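1. structure, please.
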Amino acid sequence: YLAATYTEANLLLAHVETLEDQANQMDDRTQAYELAGFIFAIGLASTAWASLVHASRRIRLIFQIIALVCLLIGAGVFILSP
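-> Residues are numbered from 1 along each chain as shown. Here you go, the predicted structure:
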């Protein structure tokens, strides 16, 4: 009698555990996308700073290199996300 009573509860518990695993996977994906967005934002800010600096200054080249590196790293994180 007791086994039959807990059968439905055990099935629901197994379903809940499956849903929890799916939610954890989606959470990992969300964190990867947030990291990629953050890296892209740093690159965008660096591009903005580069556009404000006079073309003959060396710091402009540094800002452009930072922007390019952020683009590559952000794209890598975005593509390789789970």
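2. which non-adjacent residue is nearest Leu35?
-> Val77 (5.6 Å; C-beta to C-beta, 6 or more residues apart in numbering). To be clear about C-beta, it is placed using only N, CA and C from the backbone, and glycine gets the same treatment.
3. helices or strands up against the helix or strand harbouring Asp27?
-> Secondary structure assigned from DSSP states H and E places Asp27 in helix 2-52. Applying 3 or more C-beta pairs under 8 Å, 6 or more residues apart in numbering; DSSP states H and E, we find helix 2-52 packed against helix 58-79.
4. isn't the residue nearest to Leu35 right next to Gly37, touching?
-> No - with contacts counted by C-beta atoms under 8 Å, Val77 stays clear of Gly37, the gap being 9.4 Å.
5. these two - which one has more neighbours?
-> Each of Val77 and Gly37 has its neighbours counted (other C-beta atoms under 10 Å); Val77 has more, 18 against 13.
6. who's in contact with the residue nearest to Leu35?
-> Contacts for Val77 (C-beta atoms under 8 Å, 6 or more residues apart in numbering) come out as 32, 35-36, 39.
7. need the buried ones from those residues selected in ChimeraX.
-> In ChimeraX syntax, the buried subset of these is picked out as below (16 or more other C-beta atoms under 10 Å):
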select :36,39
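8. for the contacts of Val77, which one is nearest Leu61?
-> Nearest to Leu61 among these, counting by C-beta to C-beta, is Ile39 at 20.1 Å.
9. which residue packs closest to that closest one, ignoring adjacent ones?
-> Nearest in space to Ile39, with sequence neighbours left out and distances taken as C-beta to C-beta, 6+ apart, is Gly74 at 3.8 Å.
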